[in-house]
Structure formats: C-alpha cells, structure tokens
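Asker: Kindly return the folded structure for what I paste below:
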Amino acid sequence: MSGLLWPGAHRAAGVLDDDGLVRAMVRIEAAWSAALVDVAIAPPTALVDDATLTALLSPEDVPALGRAAEVGGNPVIPLVALLRERLDRTGHHDAARWLHRGLTSQDVVDSALLLGARDAVTQVRCAIGRQVSALTGLVATHRDAPALARTLTQPAVPTTLGLRFAGWLGDVLDADDDLAALAWPAQLGGAAGTSAALVEIAGGVERAEAVRAQVAAALGLEEAAPWHTRRRAVTRIGDALVAACDAWGHVADDVLVSSRAEIGELAEGEGGGSSTMPGKANPVRAVLLRRTAIAAPPLAATLHAAAGDSLEERTAGGWHAEWETLALLARRTLVAAEHAAELLTGLQVHPARAAAHLAAAHGALAEQRAMAGLADRDPSPDYLGTARPQIDAALARAAARPDPRTPPRSTP
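Answerer: The predicted structure follows:
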C-alpha cells in the first residue's frame with residue numbers, strides 16, 4: 001500500500017504486509033511441528049520452534065519468496081523449500097524431513113491471513129475505544145444544544161447536536177459489535193480438506209484430531225472443520241471492516257458539510273493546509289475518511305465474488321484473489337480507524353452557530369403546529385420527541401461496551 005498515494009498508510013506498518021505474513025506462516029509451521037512431536041507422530045529430533053525457523057530467514061529472503069511464489073502460485077511452496085534446505089544445512093535433518101508434513105499451502109496461507117486480520121481487528125477496536133470515549137463526551141456535553149435537523153440537505157425540524165453525535169456513536173458501536181462477533185477458525189485440512197496425509201502419518205483419526213486441536217490452540221484460533229471452499233469466514237471479516245468504514249464515512253460527511261464556512265457548526269481540531277492558499281485549513285481527516293468509505297466496499301465485493309467462485313475442493317483464482325484484497329482492506333480500515341479517533345478527539349463544536357441556524361430556519365416548527373392542532377392542544381415547549389431517551393440509550397450502550405483487550409469471562 002503506497003504511502004504516497006494512500007496518505008496515512010504508515011499507520012498500518014507491519015499489518016498484513018509481506019514481512020508479517022512470512023512471520024505468520026513460519027509461526028504456523030512451528031506450531032505444526034511442535035504438535036507432531038507432542039502427539040508422538042514425529043520424533044523429538046523433528047521439533048523446531050518459531051525462533052529457530054525465523055532465524056533461518058533474512059530480510060532479503062522476503063522479496064525473493066515473493067518472486068519465487070510466481071512459479072507455484074503461492075508463497076508457501078518456496079518458503080517450505082527454503083526452510084527445509086536451511087534446516088538440513090544447519091544439521092536439523094529430522095526437522096527438515098518432517099516440516100509441513102500433513103499440511104497444505106492453503107492451510108498455511110488461510111491461517112496466516114486470519115492471524116494478521118485478527119491483529120488488525122484488535123487494533124481497530126482499540127481505536128474505536130478512543131472514538132467511543134470522544135463521542136460519549138460530545139454527546140454528554142451537547143445533548144441539549146439546539147440544532148437544525150436537515151433531511152435531503154434541506155431544513156427540517158429541531159434536533160440537538162447531542163442527538164446527531166449519538167447517531168454517530170450508534171454507528172460506531174454497531175460496527176464494533178460486528179468486529180467483536182467475528183470468528184477466527186484455523187484452516188488445517190490438508191491437501192483436499194480430508195486431512196488424509198495427517199491421518200496416515202498419525203495412524204488414526206484420533207491422534208490426527210489431537211494435532212489439529214493443539215495447533216489451533218497454539219495459534220489462538222478456533223478449532224474448526226476445514227473450510228477450503230467455504231469462505232464465509234473471510235467475507236464476514238470483509239463485511240465487518242466495511243461496516244466500520246461506513247460508520248466513519250457518515251461522520252466524515254457530516255463534518256465536511258458542517259465545517260463549511262457558511263455553516264460553521266463543526267471544525268476539525270487541526271486542519272490541513274494548501275499548496276497554494278496560505279492559511280487554508282482543510283478538513284483533511286474527514287476527507288481521508290470519506291476516501292476510505294468510498295474505496296472499501298468494492299474490496300469486500302471482491303471477497304464475495306471470490307467466495308461465489310468457489311470450486312470443488314480448492315478454487316482456481318478466486319482463492320488467490322482474496323489474499324491481497326483482504327490484506328489491503330484490513331490495512332486501510334486500520335488507517336481509517338486512527339484517523340477517525342483523531343478527528344473525533346479533536347473535533348471543535350460551535351453550538352452558537354447551530355442555534356442560530358435553527359432560529360433562522362423558516363418553517364422549522366410548522367410540523368409541530370400542525371400536530372398540536374390535530375391533537376387540539378398547545379405546542380410543547382420544545383419539539384424534540386424522543387431525542388433525550390435516544391441519547392440516554394446511546395450513552396448507556398457506550399458505557400456497557402467491553403474492553404476489547406480483556407478476554408471474555410468463561411462460563412462454568
């Protein structure tokens with residue numbers, strides 16, 4: 001992801017990039033090796049840990065693996081060949097012989113991608129925590145600040161800035177719920193999803209299942225049936241990431257409109273400059289968020305197109321299309337999460353301007369007068385309906401959000 005053409009890309013450094021994916025693939029190979037030894041399938045001399053495998057590789061190997069991946073169509077083939085050669089060279093002959101036995105390339109690629117995507121989602125949810133904190137403060141501070149609601153861009157009825165911010169908060173919390181509900185299944189199915197090679201070397205299904213369970217636990221992934229051509233695990237991740245970008249797009253659009261000089265109800269805490277107009281303060285964070293909200297959905301659409309292209313026991317092309325697409329979507333979402341947190345934390349609110357626009361709006365209370373006449377009663381002091389209960393509900397929901405860094409309590 002180019003830092004020049006995607007400003008902010010540096011914020012996702014190390015997330016689902018080539019170096020990170022190689023580390024994840026090595027971690028999977030090491031966990032598999034350990035499980036084969038622990039279940040007494042491979043001899044103790046076959047054991048090789050993550051640190052040993054990682055030490056066999058140099059930074060120069062990563063781009064070389066990328067070039068070599070073209071031959072077999074995936075990076076696992078050259079990685080395994082390289083690791084076996086260097087294990088042999090360093091005297092780890094049994095480790096070289098047993099490395100990757102019972103696995104297939106798809107097991108390693110899929111599991112590595114999920115490890116990277118899970119790390120990205122964890123970071124996104126931490127940024128969402130800062131967004132929720134900022135939004136909670138905005139809602140509480142401006143809960144009763146009068147403002148003009150606009151529908152289809154035109155003046156409508158009275159509202160409050162607090163309710164508008166509560167709408168943003170609800171969007172962000174909805175997205176967070178989707179991210180929190182994601183499943184992270186290990187992919188450990190062997191050549192065609194039957195784990196036949198593993199069962200063969202294990203001498204039975206029970207010991208083979210013990211290997212799969214141990215590897216999933218070591219990686220912190222969920223033990224699951226092979227899902228080589230059942231791709232909902234991937235499309236769910238894509239959908240949840242896009243939902244977060246959608247939420248921030250809503251915030252960005254409102255900020256872009258409300259920060260116009262002729263409206264002036266909101267402003268970014270630190271606007272960007274211009275290459276030609278001194279003193280210009282552009283709402284850059286909102287612009288970059290809107291950019292991501294526009295670009296993210298087509299990436300999720302590619303994931304769905306790939307899932308719909310599933311074929312027999314391994315997909316030709318559709319599976320390959322997922323890899324960079326998922327990585328790019330995860331990285332861009334993480335960048336946007338940081339931008340949204342900064343925007344909301346530094347957002348400047350000008351309630352006097354909002355009140356002035358409401359006061360100047362002709363016909364803003366016409367609906368109230370009509371409803372009061374229909375009910376044959378005097379108009380109420382304000383015309384805010386359920387605004388305050390909605391705000392209270394949004395604040396209560398935010399207060400109940402669990403810390404994503406705290407694991408859920410297990411039930412007895």
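Asker: Spatially, what comes nearest to A296 if we skip its sequence neighbours?
Answerer: Taking C-beta to C-beta, 6 or more residues apart in numbering, and ignoring the residues beside it in sequence, A296 has C245 as its nearest neighbour in space, at 4.0 Å. Backbone N, C-alpha and C define where each C-beta goes, glycine included.
Asker: so that neighbour sits right up against L334, yeah?
Answerer: No. Counting by C-beta atoms under 8 Å, C245 stays clear of L334, with 10.7 Å between them.
Asker: which residues does the residue nearest to A296 contact?
Answerer: 292-293, 296-297, 332-333, 336 (C-beta atoms under 8 Å, 6 or more residues apart in numbering).
Asker: Just flag the most distant two among those residues.
Answerer: Comparing every pair within the contacts of C245 by C-beta to C-beta identifies P297 and A336 as the most remote, at 12.9 Å.
Asker: the more surrounded of those two?
Answerer: A side-by-side neighbour count of P297 and A336, using other C-beta atoms under 10 Å, places A336 first with 31 against 16.
Asker: host element of that one?
Answerer: Secondary-structure element containing A336, defined by DSSP states H and E: helix 318-346.
Asker: buried residues in that helix?
Answerer: With burial defined by 16 or more other C-beta atoms under 10 Å, the residues of helix 318-346 counted as buried are 318-319, 321-323, 325-344.
Asker: Tell me where this structure is predicted with low confidence.
Answerer: 1-2, 271-280, 404-412 (pLDDT under 70).
Asker: From R331, how far off is the closest residue to L114 other than its chain neighbours?
Answerer: Once flanking residues are discounted, L114 sits nearest to W184: 5.4 Å by C-beta to C-beta, 6+ apart. In this structure, W184 and R331 are 18 Å apart, going by C-beta to C-beta, to the nearest Å.
Asker: go on, A117?
Answerer: Taking C-beta to C-beta as the measure, A117 falls 10 Å from R331.
Asker: so what sits against both of those two?
Answerer: When contacts are counted by C-beta under 8 Å, 6+ apart, A117 and R331 have L16 as shared neighbours.
Asker: on that earlier part again, ok, of the contacts of C245, which one's closest to D378?
Answerer: Of all these, the one with the least separation from D378 (C-beta to C-beta) is A293, at 44.2 Å.
Asker: I'd like to check the angle between the lengthiest helix in the chain and helix 318-346, please.
Answerer: Determined from DSSP state H, the single longest helix within the chain is helix 105-141. In this structure, helix 105-141 runs at an angle of 20 degrees to helix 318-346, with axes from the mean of the first three to the mean of the last three C-alpha atoms, to 10 degrees as the basis.
Asker: Would you mark the buried spots in helix 105-141?
Answerer: If you call a residue buried by 16+ other C-beta under 10 Å, then helix 105-141 has these buried ones: 105-121, 123-125, 127-132, 134-136, 138-139.
Asker: Could you do stretch 145-154 as well?
Answerer: Neighbour-count burial for stretch 145-154, counted by 16+ other C-beta under 10 Å, picks out 145-150.
Asker: need the contact list for E265.
Answerer: 147, 161, 258-259, 349-351, 353-354, 357.
Asker: Tabulate these (CSV), appending distance to A95 and secondary structure.
Answerer: As requested, these are exported to CSV (distance: C-beta to C-beta, whole Å; DSSP: H, G, I helix; E, B strand; the rest coil):
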residue, distance to A95, secondary structure
A147, 67, strand
L161, 63, helix
S258, 61, helix
S259, 60, coil
V349, 61, strand
H350, 66, coil
P351, 67, helix
R353, 69, helix
A354, 67, helix
H357, 71, helix
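Asker: quick check, nearest of the residues you listed to D18?
Answerer: Distance ranking of these against D18, using C-beta to C-beta, places S259 first at 38.5 Å.
Asker: just checking, R150 is part of a strand?
Answerer: Yes. When DSSP: H, G, I helix; E, B strand; the rest coil is applied, R150 is found to be in a strand.
Asker: With R97 as the reference, measure out to it.
Answerer: R150 is 70 Å from R97, where distance means C-beta to C-beta.
Asker: How about L82?
Answerer: Distance, L82 to R97, by C-beta to C-beta: 15 Å.
Asker: now swap in A156 and tell me
Answerer: Counting by C-beta to C-beta, the separation of A156 from R97 is 73 Å.
Asker: Quick one: residues contacting H339.
Answerer: Counting by C-beta under 8 Å, 6+ apart, H339 makes contact with 8, 248, 285, 288-289, 292.
Asker: Next, format those residues as JSON lines and append neighbour count and distance to R314.
Answerer: Converted to JSON lines, those look like this (neighbours: other C-beta atoms under 10 Å; distance: C-beta to C-beta, whole Å):
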{"residue": "G8", "neighbour count": "21", "distance to R314": "36"}
{"residue": "W248", "neighbour count": "31", "distance to R314": "36"}
{"residue": "R285", "neighbour count": "28", "distance to R314": "42"}
{"residue": "L288", "neighbour count": "21", "distance to R314": "38"}
{"residue": "L289", "neighbour count": "28", "distance to R314": "37"}
{"residue": "T292", "neighbour count": "25", "distance to R314": "32"}
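Asker: ok, which pair from those is furthest apart?
Answerer: Those two in these that are separated most widely, counting by C-beta to C-beta, are G8 and W248, at 12.6 Å.
Asker: Restricting to C-alpha, output the helix or strand harbouring Q390 in CSV.
Answerer: Under the assignment given by DSSP H and E, the secondary-structure element containing Q390 is helix 387-399. As requested, the backbone C-alpha atoms of helix 387-399 are provided in CSV (Å, rounded to 0.1, in the frame of the first residue of the first chain):
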residue,chain,number,x,y,z
ALA,A,387,-34.3,12.8,21.4
ARG,A,388,-33.4,12.7,25.1
PRO,A,389,-34.3,9.0,25.6
GLN,A,390,-32.3,8.1,22.5
ILE,A,391,-29.3,10.0,23.8
ASP,A,392,-29.6,8.2,27.2
ALA,A,393,-29.8,4.8,25.4
ALA,A,394,-26.7,5.6,23.3
LEU,A,395,-24.7,6.7,26.4
ALA,A,396,-25.8,3.6,28.3
ARG,A,397,-24.8,1.3,25.4
ALA,A,398,-21.4,3.0,25.2
ALA,A,399,-20.8,2.6,28.9
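Asker: by contact count, what packs against that helix?
Answerer: Based on contacts counted as 3 or more C-beta pairs under 8 Å, 6 or more residues apart in numbering; DSSP states H and E, the elements that helix 387-399 packs against are helix 105-141, strand 154-160, helix 161-180.
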